[in-house]
Structure formats: C-alpha cells, structure tokens
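Engineer: predicted model and sequence below, questions to follow.
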Amino acid sequence: MKFLAMCSTGLGSSFMVRMNIETIVRELGLADVAVEHSDISSAGPGSADVFFVAKDLQDAAQGLGDVVVLNSIIDMDELRDAVKSAAARHGLL
Amino acid sequence: MLSDLLTEERILFSPSELTWREAVAGVARPLLAAGDITPDYVRAMLDSIAAGGTYIDLGHGIALAHARPENGAVRTAMSMLRLPAPAPLLDDPLHAVDLYFCFAAVDAEAHMSAMASLARILSDAGTRQALRDAASAPEVIKLITQFEETR
C-alpha cells in the first residue's frame, strides 16, 4: 500500500505532508504502508494507492484515483482523520 | 535547526495592515538586506503567487513564501512577519494569512531539512497557537528553542 503526498514542486509542502503522514501511520500502527512525496506532474494513476494534495491542487489531481484533499497541510487532526479513512477504505483498519 | 535560521533580526512585526504583495516583500526584506537572497528571488515569489500559487498557504493563517533555489537563493535562510490583520493571498478571503514566513534554500537537501523543521513546529497545535500569539521576536525565539529542546 502506498500513500503519496504531492505538491507542485515536489520539494515543499508535499514533504511536510509526507512527514506528518508518516507520524500518523506510526501512531496508528499501520503495517505495510509506504509513504512518499513527489511533484504532481510526475504522478500517474499507478503511482500510489492514495494521493494526498492541498486544496489548490484539487483540480489537477482529478483522475489519479483515490485523492484526498487537505484544507491545511499543517493540521494533524484533519490529516489523522484523512489517513484513518483512507486506511479503512483500503482494508487496513 | 530552525533556531539557527530564525534570528532576532529576521523576525518582524508589522504595526500596519499590508497587502499580500507588501507582506511578501516585507517578510523577504531581512533576507535581502543580509544578502541571503537576490531581488530576483522576491520577484519569483511574487510571480509564483500571482500565477495562482496559493499553495504557499499552509492553513491556520500561516503562509510560507518561497521560490526555487535557482531563483536567487544565496544562502539557506528564513524570516517571519506577523501582521495585525490578514493580508489574504491574491485578495482571496479563503487564503487569509496574517503570519508570513519566507524561506530560501541553496539546494534540495537544505530545502527539505529546513522545511522539515518548520513542518514539525507548525504541525504541533500548541506551539503553533503560541507562535500566533507571540508579540515579540524574543518570545518567538524562546518558543522555537523550547520546542527544539523537547524533541
């Protein structure tokens, strides 16, 4: 199972989100979840099982598959709920 | 570490309300003055926001203005500007920002390391609120130092 955080450059906010997802994945004790980050232009539908983007990239991420749109990339409560839901959707919780 | 980058002269409080362009130019000023960035870097940040780059909005009223290393970053550096009222990005109330950070990194590795420090501190709800409530540069420095000491 792969979670992919994306932003426009693949350097900044996607890395922040990736770190926070990794923290939450550890908290929840989710096994077999790889977390990565990249720029959105190099991601395709096969790049991951769940894609995380900030709301400015909501439109650009359409068509990738299971896309989670975050209002804030530094809100751990929002992200924790999003990761839990994603894990549940994919039978990990 | 963040405390090495965000030094007292790089932490500003604006007494007056600003537009988002003034806020971005304002938060970049200490870095420009120190030679950490070139004027091109400021232009690149303004251009990327004007082109729809509200991705610098982190949420909770906080934005991280930055451009790419090759746009005129001389040294890895960071600054902060607190406003008395929001200066919404692109004048869009959905992006109401009253705490601007500016950030320059010389390469991808430095970029990600500083970004990681900032993400850790801003994702901690208690410290984030304390940073928003801080009223002086020494107060901000103390918060960052305390946060780093407990990690």
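Structural biologist: Received, thanks.

Engineer: the residue of chain B found nearest chain A bridge partners, please.
Structural biologist: In chain B, the residue that lies nearest chain A is residue B:59 (2.2 Å; Cβ to the nearest Cβ). In short, each C-beta sits where N, CA and C put it, glycine included. Assessed by DSSP bridges, residue B:59 has beta-bridge partners residue B:62.

Engineer: do you know the pLDDT at it?
Structural biologist: pLDDT, residue B:59: 93.

Engineer: surely it touches residue A:71?
Structural biologist: Yes: taking Cβ atoms under 8 Å as the definition, residue B:59 is a contact partner of residue A:71 at 6.1 Å.

Engineer: who has more neighbours, those two?
Structural biologist: Neighbour totals were compared for residue B:59 and residue A:71, and residue B:59 leads with 19 against 14 (other Cβ atoms under 10 Å in any protein chain shown).

Engineer: partners of residue A:36 in the sheet?
Structural biologist: residue A:4.

Engineer: SS state for the spatially most central residue of chain B?
Structural biologist: What sits nearest the mean C-alpha location of chain B, by Cα atoms, centre = their mean, is residue B:101, with 0.8 Å. At residue B:101, secondary structure determined by DSSP: H, G, I helix; E, B strand; the rest coil is strand.

Engineer: now do the contacts for the spatially closest residue to it that is not a sequence neighbour.
Structural biologist: Leaving aside its sequence neighbours, residue B:101 sits nearest to residue B:64 (Cβ to Cβ, 6 or more residues apart in numbering or on different chains; 4.8 Å). Taking Cβ atoms under 8 Å, 6 or more residues apart in numbering or on different chains, we find residue B:64 in contact with A:12-13, B:56, B:58, B:101-103, B:118.

Engineer: if we use 6 Å, what do you get?
Structural biologist: Residues near residue B:64 by Cβ atoms under 6 Å, 6 or more residues apart in numbering or on different chains: B:56, B:58, B:101, B:103.

Engineer: phi, psi for it please.
Structural biologist: phi -120, psi 100 (degrees, to the nearest 10).

Engineer: equivalent analysis for residue A:2, please.
Structural biologist: phi -130, psi 130.

Engineer: ok, residue B:135 next?
Structural biologist: Reported as degrees, to the nearest 10, the phi and psi values for residue B:135 are phi -120, psi 0.

Engineer: how about the lowest-mean-pLDDT helix or strand in chain B, which residues are buried there?
Structural biologist: Ranked by mean pLDDT, DSSP states H and E, the helix or strand of chain B with the weakest confidence is helix B:108-122, at a mean of 84. With burial defined by 16 or more other Cβ atoms under 10 Å in any protein chain shown, the residues of helix B:108-122 counted as buried are B:110-112, B:114-115, B:117-122.
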